[in-house]
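> Show me how the following folds:
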Amino acid sequence: MEDQLLSLSEMNISACSLTMDGSFFNIVSRGDSFRPSFSKLGELTAIFPRIPHLALTATATAKCIEQLCEILQLRDVKLVTSNPDRPNIYYKIRTRLPNVKKYDKYDDLIKPLCTELKSLKSAFPVTICMDSLESLAYCYQFTEEFLDEDAYDPVEQVPENRIFAMFYKDYTTYNRSDIRMHFRPPTSLEKYMQESGRAGRGGQPSRATLYFNKSDIAANRQGITDEMRRYCKSDDLCLRLLFVKHFGFSETLFEGEKKNFCSSCRNDE
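Coordinates of the predicted model:
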């Protein structure tokens, strides 16, 4: 990347503005562990010092914004923020079996989904499960064997008729409810916001369910933050409010009944 940046300066290229999308997640959160060259994007500011620079992110705290401005070498920053609350997403937390139950812990989560999927077929909510490649490979095999000949709707066995392991390119073209299931919590609220926030992009009512066990939120788990651990253990605090407060806001945008705020608020009633 250094050679490319040098080429830009030597070629005397004219630019009217520079835009970086997903800046927090790619530059601050993942940084050198993902693509070391991302941390050098601030050199663009030195090459193009007199044009506007726009950095976009959906998941950054005040501290992270300071880090981002430093990495990108931004000066005279005008900050535009909006409340990250997603009123159409219902947040839910549940415990799962301990890791010693190597396959039972997956069966316990995936079997109820498969049972409902077999019954509803194409009417089943669009559901995306997130975890390690090993667990997802196991869940794929379990689902394929469980559904057997019911894996297609209509019954003709062609790829476009599969009712699982499908990929939706356009999130605005369907009206069904949308579900994100984490079989294990990510290491930070920023990552969870990024991943769960992909639900309900068309505005349809959706659900984000997070499963965890004691090992998942152990203090010695590499990279896990105190905020993520607190979120998982919050059975008496509003999950939605914890989210927005983490990102510097004091109120949620959701205006419905308390029982629809999150699983913690529903349990309070």
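
> Let me see the mean pLDDT of stretch 58-67.
pLDDT averaged over stretch 58-67 equals 86, rounded to a whole number.

> Show me what counts as buried in it.
Of the residues in stretch 58-67, those buried by neighbour count under the rule 16 or more other CB atoms under 10 Å are T59, A60, T61, C64, I65, Q67. In this view, the C-beta of every residue, glycine as well, is placed from N, C-alpha and C.

> which one of these is nearest D236?
Nearest to D236 out of the buried residues of stretch 58-67 is T61 (CB to CB; 23.5 Å).

> Quick one: the helices in the chain, in order.
Listed in chain order, the helices of the chain (DSSP state H) span residues 2-10, 23, 31-34, 43-47, 62-71, 104-120, 133-147, 189-196, 226-232, 239-246, 263-268.

> about what we covered before: could you dump the buried residues of stretch 58-67 to CSV with distance to Y106?
Listed next are these as CSV, based on distance: CB to CB, whole Å:
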residue, distance to Y106
T59, 28
A60, 33
T61, 33
C64, 33
I65, 38
Q67, 37
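
> can you list the helices of the chain in JSON lines and add distance to L54?
Output for the helices of the chain, formatted as JSON lines (distance: least, CB to CB, whole Å):
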{"stretch": "helix 2-10", "distance to L54": "18"}
{"stretch": "helix 23", "distance to L54": "9"}
{"stretch": "helix 31-34", "distance to L54": "20"}
{"stretch": "helix 43-47", "distance to L54": "12"}
{"stretch": "helix 62-71", "distance to L54": "12"}
{"stretch": "helix 104-120", "distance to L54": "40"}
{"stretch": "helix 133-147", "distance to L54": "35"}
{"stretch": "helix 189-196", "distance to L54": "19"}
{"stretch": "helix 226-232", "distance to L54": "28"}
{"stretch": "helix 239-246", "distance to L54": "24"}
{"stretch": "helix 263-268", "distance to L54": "37"}
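
> looking at it, L189 is touching R230, isn't it?
No - look at L189 against R230 with CB atoms under 8 Å: they stay out of range, at 9.1 Å.

> hey, what's in contact with both of the two?
Overlap between the neighbourhoods of L189 and R230 consists of L242, taking contacts as CB atoms under 8 Å, 6 or more residues apart in numbering.

> and the two? which has more neighbours close in?
For L189 versus R230, the count of surrounding residues by other CB atoms under 10 Å is larger for L189: 21 against 14.
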